[in-house]
Each structure stands twice: as structure tokens, then as C-alpha cells.
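Student: Give me the fold of what follows.
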Amino acid sequence: MAVSIGLLLPTREMVMGQNERNFAELIALARAAEKLSLDAVWVGDSILARPRFDPVTTLAAVAASTERIRIGSAVILSALRNPVVLANEMANVDLISRGRLILGLGTAARNEPNRREFESIGISFSDRIGIFDEGVDVMQRLWREPKVTYEGRHFKLDDVSLGLRPYGDGIPVWLSASEGRSLARVLQKGDGWLMLAANAEAFRQAWTQLRDMAAEAGRDVSDLGRAVYVTLDINHDASAAMARMRSFIEGYYGGAYEDLTRIHAVCAGSAETCAAWLQQFIDAGVNTLIVRFNQRDQTGQLQSFAEQVMPLLRS
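Tutor: Sure, this is the predicted structure:
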């Protein structure tokens, strides 16, 4: 499986004030990524904890403004949304894109900003995993079955059908996971897997665990989408790049850099340094790179990445 390389659009950074809140810049970046032969553009999600442009409407706008490039969410916190409504919205986006959508979903990490986000929207944070599981089941059935009757703890449907159906046979669903039960959920429900891995070895260990679980369950995962989310600062001045990276990560997540980089993958330095670092993830089994840039000059970083880093990567 060839490695897919995608750009995470700076929907949060614009709201943080790094850039003006100019939505046209996001569309221009998506078009530039398509022109530079990237495979996908992605968007994140958060309503209150880390505010940004809405992922559903942003994906729709990007879908209408591009022709070839895949569009995806990394990730939508689906438990914040009713699954019937979200299934309908994402079917609409998939139709606009003519089948280019990848729906990445996550449950939200256990921390105070996320808890406050859920509680402010009227959803129990402690129930989010159960809501998530049922919601994924409901959406997948609504996309593929003419009528759905469902009896769960959180959702009940009686002979329900969607008027809007996806462009093809359903929508690929990729689930965020790192260990244990979340990896098992990928095997049960997912077409792909997204992981926050601070380094290639962390991914390699999780991929080994997932393959072992798949072998026991009798599932073939050779064609499973396997994505990591990375942040780059491409600059020959490594010290300046590292200082900028520290400031960006601490400002984005609101914590100490040393703690955050135990979870989040970051690389600051020359194109050769970044390429060698990314290659470690590919060699560990990653087949989808979701790349975010920390600089204000997103277009310049994207061009440097496409022209200087991508040619050095091997599938």
C-alpha cells in the first residue's frame, strides 16, 4: 500500500490568532495541496476546548473547491453530535466530494477542557465512550441499510432511513486508538486507524499489538489505513525552528512542551532531518501521514514540504 501524504488545514491556528480568520486561505491551501500532488487534506474538531472552524462545513467547502484530493477529519468528536444528524451531514459532504471523504472519529482524551466541552453541550463526559460506540454503529448502518431499527442505551431508532445516502457503499470510518479497548474497536468497526504517536517506536509497538489482536480475531489488516499526526517546522536554522515549535505546541495545547511531546510527534529542522524522521514512521508501518505546520507561512511550509521533503520519502 503506497503511503498517503496529507495536509492538516490550520482551522485552529486561524482562531488562535496566528493568521487572520480568512476562510479563503484554507481553501487556497487545499487547492495548493492538490496542485502539489498531496493525497489528502484533513481537518480537526473541537467546539469549546480548542475552538476552530467547524469541520463539517469546512469539509463541504473544501470538497466543492477541489477535484481530486481526498478530504478527511482527524478527528471529529462524534459523541458531541447526534449520529442520525451527523450521518446525514457526512453523506451530504461525501456527495459533494463524489466519494472522496474519509471520516476520522475520536472519543476525546480524558482532560478538564474536554470534560467541560461535553458538559457544556449537555452530554455526559463519562458516557462518551458508550455514546461513541453506539453512534458509529448507527451511522454505518444508516449509510448501508434501507431501513434501520436500533435499540441501544443512548439511541433508539424505529424503521429509520436516510434520504441522503453516500456517493458509494458507505463512508470509510477511521478510528483514533492507542491501546487496549480502543484498538479492539478499530478491528470491530474501523476501515482505518489514527494514532497520536510521539515517535516511530511507539507506533511500531501499537501496530504489533493490533496485528496480534487481528490474528486472534481472524481479521486481515494488511490494507488497513494507518495514520499518524505530525507537526513540522522545516527550516535549516534548527535552533530557531525548535524555539518556534516549543512556542507553538505550548500555545496550542496549554501545557509544558516536555509533557506534550511525550504524546505528540514533532520535528523541527532541515528538510533532510524532517524526511529522515518521517521515514522512521513509514518503516514502522505507517501508510498515512497527516502533516501539520507550525509556522504562520503555511503556504511556504507546504511548498517546502512538497518540493524538498516528499521526494526523499520511500513507501
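
Student: List the contacts of the most centrally placed residue in the chain.
Tutor: By C-alpha atoms, centre = their mean, the chain has its centre lying nearest to residue 74, at 1.3 Å. By C-beta atoms under 8 Å, 6 or more residues apart in numbering, the contact list for residue 74 reads 8, 42, 43, 44, 104, 194, 227, 229, 290. Backbone N, C-alpha and C define where each C-beta goes, glycine included.

Student: Now the fourth one. Its backbone dihedrals?
Tutor: It stands for residue 44. phi -100, psi -170 (degrees, to the nearest 10).

Student: Tell me, how many residues neighbour it?
Tutor: Look at residue 44: counted by other C-beta atoms under 10 Å, it has 24 neighbours.

Student: what sits against it?
Tutor: For residue 44, the contacting residues are 8, 11, 12, 50, 52, 55, 73, 74, 75, by C-beta under 8 Å, 6+ apart.

Student: if I look at it, how far off is residue 160?
Tutor: From residue 44 across to residue 160, the span is 29 Å (C-beta to C-beta, to the nearest Å).

Student: can you list contacts of the helix or strand bottoming out on mean pLDDT in the chain?
Tutor: Every helix and strand in the chain was compared by mean pLDDT, DSSP states H and E; the lowest is helix 11-16, with a mean of 91. The contact list for helix 11-16, computed with C-beta under 8 Å, 6+ apart, reads 19-22, 25-26, 43-44, 46, 50-53, 55, 58, 251-252, 298.

Student: Narrow these to those in strands?
Tutor: Among the contacts of helix 11-16, the residues falling in strands (DSSP state E) are residue 43.

Student: Would you list the buried entries among the contacts of helix 11-16?
Tutor: The neighbour-count test (16 or more other C-beta atoms under 10 Å) marks 25, 26, 43, 44, 46, 50, 52, 53, 55, 58, 252, 298 as buried among these.

Student: any idea how far the third one is from residue 165?
Tutor: As judged by C-beta to C-beta, residue 43 and residue 165 stand 23 Å apart.

Student: Which single one of the contacts of residue 44 is nearest to residue 270?
Tutor: residue 8 (21.2 Å; C-beta to C-beta).

Student: Residue 168 and residue 98, how far apart?
Tutor: Applying C-beta to C-beta to residue 168 and residue 98 gives a distance of 9 Å.

Student: Quick check: nearest residue in space to residue 66, chain neighbours excluded?
Tutor: Nearest residue to residue 66, sequence neighbours excluded (C-beta to C-beta, 6 or more residues apart in numbering): residue 34, at 5.1 Å.

Student: With residue 217 instead?
Tutor: Nearest to residue 217 is residue 187, by C-beta to C-beta, 6+ apart, at 5.7 Å.

Student: likewise residue 63?
Tutor: Nearest one to residue 63, counting by C-beta to C-beta, 6+ apart, is residue 97 at 3.6 Å.
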